[in-house]
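> have a look at this prediction, sequence included:
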Amino acid sequence: MVSEQQLRVWAPGRVNLIGGHSDYSGGLVLPMAVDLGTTIVGHRGHERVVLVSEDEPEPAEVALDVADPAAVSPSWARYVAGVVAEVAPPTGFIGKVATTIPIGTGLSSSAALEVAIALALVGDDRIDRRALALACQRAEHRASGVPCGIMDQFASLLGVDGHAILIDCTTFEVTPVELPAEVDVVVVDSGQRRSLSTVGYADRRAEVGRAEQLLGHLPTARLTDVEALDDAILRKRARHVVTENQRVRDFVSVLAKGDIGAAGALMTDSHMSLRDNQEVSTDALDALVGRLNRVPGVHGARLTGGGW
Ligand code: GLA
């Protein structure tokens, strides 16, 4: 079947206000969708998914029965293949991709790409956005090998204008949290580029998994049990998850009271724990957070995304 109707879909990137490296252990996270995003324009139909991108010299051409997304080339086509393999669209798609998200800066350009592809392939008013976000997360795992959590894809598909969203990564419950109108969320580029697949994201996830085997559901573990762990690395990772979970709760509650100073201080505490316990920061990010916190009018600062 070839549909003549042109489709235009858009998927935003995200910035994470607080709740870092806690989604994959079922913790609380508080990201917000941003106004930068990825657009796909084209037509459903055809027997393959063929996309050209403004940022890539080669197109992505993916068969509907693609079995191994990680083996596809060029490398950006792996994300297309991952989504095709996960959502199993009834027909293909021919179109164009363009994004306003700077790639590799921690604003989730890959999640926005996956979500835009999924919306182009199967999106309509009746779709189950949570289920689609989970399919996009699996697509990312298959495409890049990075065992990411659900935060980025949820933020892109379930973001609410003027709000951050509180995601409980155990129950997948999503609660919009209104942001005070007098506060600006400013994203500052450290200038450092990173690639999650070439660094220790999977190691962190595995370490957190080992701590979980010892303590059970980590976000609700007792800090006294965490501090009694023999393994110093697991102790730090678990300490991060437990304290970060509490910081997210506290952030939401001080924000509701309008205490922006306290919310900012929690963001900076979150950065310190990402630096010292989760060990995912860099000298450049630490220096930037320090510099920003000395700027009058700045309430708090932290790294966003996976780190490194
Ligand atoms: C990346 C992952 C997310 C999350 C963050 C860290 O953005 O894709 O799932 O784990 O890192 O908070």
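All right, it came through fine.
> spit out the contact partners of residue 142.
69-70, 78, 81-82, 85-86 (CB atoms under 8 Å, 6 or more residues apart in numbering). (Each C-beta comes from the backbone N, C-alpha and C, glycine too.)
> redo that, cut-off 7 Å
Taking CB atoms under 7 Å, 6 or more residues apart in numbering, we find residue 142 in contact with 69-70, 82, 85.
> next, it: secondary structure please.
Secondary structure assignment for residue 142 (DSSP: H, G, I helix; E, B strand; the rest coil): helix.
> pull the CA atoms of whichever strand or helix holds residue 118 into CSV?
Assigned by DSSP states H and E, residue 118 belongs to helix 109-122. Extracted C-alpha coordinates of helix 109-122, given in CSV (Å, rounded to 0.1, in the frame of the first residue of the first chain):
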residue,chain,number,x,y,z
SER,A,109,19.8,13.5,20.1
SER,A,110,19.7,9.7,19.7
ALA,A,111,16.5,9.3,21.7
ALA,A,112,14.9,12.1,19.6
LEU,A,113,15.9,10.4,16.4
GLU,A,114,14.5,7.0,17.6
VAL,A,115,11.2,8.7,18.7
ALA,A,116,10.8,10.7,15.5
ILE,A,117,11.4,7.5,13.5
ALA,A,118,8.9,5.6,15.6
LEU,A,119,6.3,8.3,15.2
ALA,A,120,6.9,8.4,11.5
LEU,A,121,6.4,4.7,11.2
VAL,A,122,3.5,4.0,13.6
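> distance from the chain centre to that helix, please.
Relative to its chain's centre, helix 109-122 lies at 13 Å (CA atoms, centre = their mean, to the nearest Å).
> by neighbours, which of the contacts of residue 142 wins?
Within the contacts of residue 142, most neighbours by other CB atoms under 10 Å means residue 82, with 30 neighbours.
> give the contact list for the closest residue to residue 182 other than its chain neighbours.
Leaving aside its sequence neighbours, residue 182 sits nearest to residue 260 (CB to CB, 6 or more residues apart in numbering; 7.8 Å). The contact partners of residue 260, by CB under 7 Å, 6+ apart, come to 180, 183, 299.
> what's around the closest residue to residue 193 other than its chain neighbours, how many residues?
Distance criterion CB to CB, 6+ apart; nearest residue to residue 193, sequence neighbours excluded, is residue 104 at 5.0 Å. By other CB under 10 Å, 14 other residues sit near residue 104.
> right, and residue 104 touches residue 194 too?
Yes - if you go by CB atoms under 7 Å, residue 104 and residue 194 touch, sitting 6.5 Å apart.
> interface residues of the protein facing the ligand?
By the rule CB under 6 Å from any ligand atom, the part of the chain lying against the ligand is 16, 20-21, 23-24, 148-149, 151-152, 305-306.
> which stretches of the stretch 151-300 of the chain form strands?
Remark: strands assigned in the stretch 151-300 of the chain by DSSP state E, counting those that start in this stretch are 163-168, 173-178.
> low-confidence ranges, this protein, go.
1-4, 195-199 (pLDDT under 70).
> report the angle between the longest strand anywhere in the chain and strand 163-168.
Ranked by residue count and defined by DSSP state E, the top strand of the chain is strand 28-44. The directions of strand 28-44 and strand 163-168 differ by 110 degrees, with axes from the mean of the first three to the mean of the last three CA atoms, to 10 degrees as the criterion.
> what lines up beside strand 28-44 in the sheet?
Here strand 28-44 is paired, per DSSP bridges, with strand 6-18 (antiparallel), strand 93-99 (antiparallel), strand 163-168 (antiparallel).
> dump these to CSV, plus mean neighbour count.
CSV is the format used below for the strands paired with strand 28-44 (neighbours: other CB atoms under 10 Å):
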stretch, mean neighbour count
strand 6-18, 22
strand 93-99, 19
strand 163-168, 21
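> quick one, what contacts residue 60?
Contacts for residue 60 (CB under 7 Å, 6+ apart) come out as 51, 76-77, 80.
> which strand residues bridge it?
The partner list for residue 60 in beta bridges (DSSP bridges) reads residue 51.
> how near is it to residue 85?
Residue 60 sits 13 Å away from residue 85, going by CB to CB, to the nearest Å.
> check residue 121 too.
11 Å.
> for residue 138, same thing?
Distance of residue 138 to residue 85, computed by CB to CB: 9 Å.
> tell me how far stretch 185-196 lies from the chain's centre.
On CA atoms, centre = their mean, the centre of stretch 185-196 falls 14 Å from that of its chain.
> what is the burial count for residue 182?
Around residue 182 there are 7 other residues, counting by other CB under 10 Å.
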